[in-house]
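K.L.:
What follows is a protein structure lacking sequence information:
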């Protein structure tokens, strides 16, 4: 017999990998093993029902761009019926006011929009498209409709010099929260890491601007900012622990502990169409692989912080060391920590590495290795 | 810098927060973007009364009388009131409660 699983708190529903934006730090996979059919609405409804039965309180609709799912209103309505707090994580492209009204009427609780840049040139560099005007419009609609808004600003080497302007733009939307988020160096962000990792001088400036904003906006807007793990000497408590509070369901139905884990070798993730989420959460061997503390390597095993960071991020451990069960190299006690120090020292250099815009994931299993159609419809109908 | 609340104000839940019962923990939770607060009995009694109609003074007096029963070990009404005010300030700072002006 095994212990009962921990209580699921949050469902992350990645409705598609398609997106009009091509952000260089996108968390989507750069490649996938084989093409699998996308989930249909009835599958997503079952996922939402199961997550609620498992005790989840929150659902994040994300992607790619979740608005590309034409049944999003149906999913939001079901989330509300199951009393989940629903969050739409979106670029705001494409969105009309009418559709936003329909989503609010369906019970949407919260909208999160990210800003890539202020100037057109930098938008093109970071996202391959300048959508600032549309985002500002969407932010105004969200406020008009009375919904709370989080504005997410990703901190990286190319955004720090625009950060003051980005904060002012974000403030003009009068959001509930402003989140200065660090790029997580996995997926596209890892491919672009040498061009994105900020220097310690830049991070000092971020802290300074965040403190000023926090003071200026007290009682109006929460300003959230944390030191990136590459500089913290302590790993993030990634996803609050492997399959402990969060579950991610991918556009093609895989049940993951986080956005990036489908790349990890030797793990066989369930498909919600074969194993219902309510079963998978408890019995999936992949979810049980790094759940809890029993699997921890040294030096994590005896570390006082093990119940806070759970050994850090498995995907980061694999991406940097080739061993998914290693201590996250961002920890100063990790054998592989020199890799992080080396990346940091390169971040101090003036010359800039090239940036690659994200594409849809490359499919490895097919002979032609085709690129997934960026406008692949979600509904096979 | 901190914020305060006035006894004549009428708090109500902001649009960012949702109060719901959570069966597994047999408690109320206050949900907000990416967060959830599990509420103890007193906090639940307070938030269930944050309806934009009751004043802070009325909420305190109702909650004090609902949770004081003359048992020796229980906290004093002053203590309960102080805790309630702290809770309201905290939730106001997080923009989970709005405080309507005195009507």
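P.N.:
It's in. In this text, all values refer to a predicted model and were calculated from it rather than measured experimentally.
K.L.:
Give me the nearest residue to the closest residue to chain A within chain B, chain neighbours excluded.
P.N.:
At 3.6 Å from chain A, residue B:16 is the closest residue in chain B, using Cβ to the nearest Cβ. The C-beta positions use only the backbone N, C-alpha and C, and glycine is treated the same way. Leaving out its chain neighbours, the residue that sits closest to residue B:16 by Cβ to Cβ, 6 or more residues apart in numbering or on different chains is residue A:148, at 3.6 Å.
K.L.:
Repeat that for residue A:195.
P.N.:
Spatially, and ignoring its direct neighbours in sequence, residue A:195 is nearest to residue A:353 (4.0 Å; Cβ to Cβ, 6+ apart).
K.L.:
and if you look at residue A:69?
P.N.:
In space, residue A:69 is closest to residue A:15, 4.3 Å off (Cβ to Cβ, 6+ apart).
K.L.:
wait, isn't that neighbour in contact with residue A:62?
P.N.:
Yes: using Cβ atoms under 8 Å, residue A:15 makes contact with residue A:62 at a distance of 7.2 Å.
K.L.:
distance between stretch A:100-116 and the chain's centre?
P.N.:
17 Å (Cα atoms, centre = their mean, to the nearest Å).
K.L.:
next one: stretch A:17-35
P.N.:
On the basis of Cα atoms, centre = their mean, the separation between the geometric centre of stretch A:17-35 and that of its chain is 12 Å.
K.L.:
And chain B, is that stretch touching that?
P.N.:
No: if you take Cβ under 8 Å from any Cβ of the partner chain as the test, stretch A:17-35 misses chain B, and the best it gets is 15.7 Å.
K.L.:
got the end-to-end distance for that stretch?
P.N.:
One end of stretch A:17-35 to the other measures 12 Å (Cα to Cα, to the nearest Å).
K.L.:
from what I can see the residue of chain B closest to chain A touches residue A:112, true?
P.N.:
No: taking contacts as Cβ under 8 Å, residue B:16 lies outside contact range of residue A:112: 11.9 Å.
K.L.:
Tell me the spacing between residue A:242 and residue A:189.
P.N.:
20 Å (Cβ to Cβ, to the nearest Å).
K.L.:
hmm, back to that, which residues touch the residue nearest to residue A:195?
P.N.:
Residue A:353 is in contact with A:192, A:194, A:195, counting by Cβ atoms under 8 Å, 6 or more residues apart in numbering or on different chains.
K.L.:
Quick check: of the residues you listed, which lies closest to residue A:276?
P.N.:
residue A:192 (37.1 Å; Cβ to Cβ).
K.L.:
Find the nearest non-adjacent residue to that closest one, please.
P.N.:
residue A:24 (4.7 Å).
K.L.:
Let me know the helix or strand that the one you found is in.
P.N.:
For residue A:24, there is no enclosing helix or strand under DSSP states H and E.
K.L.:
To what extent is residue A:218 buried, counted in neighbours?
P.N.:
Residue A:218 is flanked by 14 other residues according to other Cβ atoms under 10 Å in any protein chain shown.
K.L.:
before we move on, what about residue B:52?
P.N.:
12.
K.L.:
Residue B:41 too?
P.N.:
For residue B:41, using other Cβ under 10 Å, the count is 12.
K.L.:
separation between it and residue B:83?
P.N.:
Distance of residue B:41 to residue B:83, computed by Cβ to Cβ: 12 Å.
K.L.:
what helices or strands is the helix or strand residue A:170 falls within leaning on?
P.N.:
Secondary structure from DSSP H and E places residue A:170 in helix A:163-172. In terms of contacts (3 or more Cβ pairs under 8 Å, 6 or more residues apart in numbering or on different chains; DSSP states H and E), helix A:163-172 is packed against strand A:110-115, helix A:132-144, strand A:149-155, strand A:177-182, helix A:200-216.
K.L.:
Get me the contact residues on the stretch 151-300 of chain A for chain B.
P.N.:
Residues of the stretch 151-300 of chain A lying near chain B by Cβ under 8 Å from any Cβ: A:176, A:177, A:215, A:218, A:219, A:220, A:221, A:222.
K.L.:
Which pLDDT value belongs to the fourth one?
P.N.:
Residue A:218 is assigned a predicted lDDT (pLDDT) of 86.
K.L.:
that older thread, mind putting the helices and strands packed on helix A:163-172 into TSV with mean neighbour count?
P.N.:
Formatted as TSV, the helices and strands packed on helix A:163-172 follow (neighbours: other Cβ atoms under 10 Å in any protein chain shown):
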stretch	mean neighbour count
strand A:110-115	25
helix A:132-144	18
strand A:149-155	23
strand A:177-182	22
helix A:200-216	15
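K.L.:
I'd like the ones you listed as TSV, with distance to residue A:30 appended.
P.N.:
Shown next, in TSV, are these (distance: least, Cβ to Cβ, whole Å):
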stretch	distance to residue A:30
strand A:110-115	20
helix A:132-144	25
strand A:149-155	18
strand A:177-182	19
helix A:200-216	25
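K.L.:
Let me know how buried the nearest residue to residue A:216 once chain neighbours are set aside is, in neighbour terms.
P.N.:
Closest residue to residue A:216 apart from its sequence neighbours, by Cβ to Cβ, 6+ apart: residue A:171 at 7.9 Å. As a burial measure, residue A:171 scores 17 neighbours (other Cβ under 10 Å).
K.L.:
Out of the helices and strands packed on helix A:163-172, which is closest to residue A:289?
P.N.:
Residue A:289 lies closest, by Cβ to Cβ, to one member of these: strand A:177-182, at 26.2 Å.
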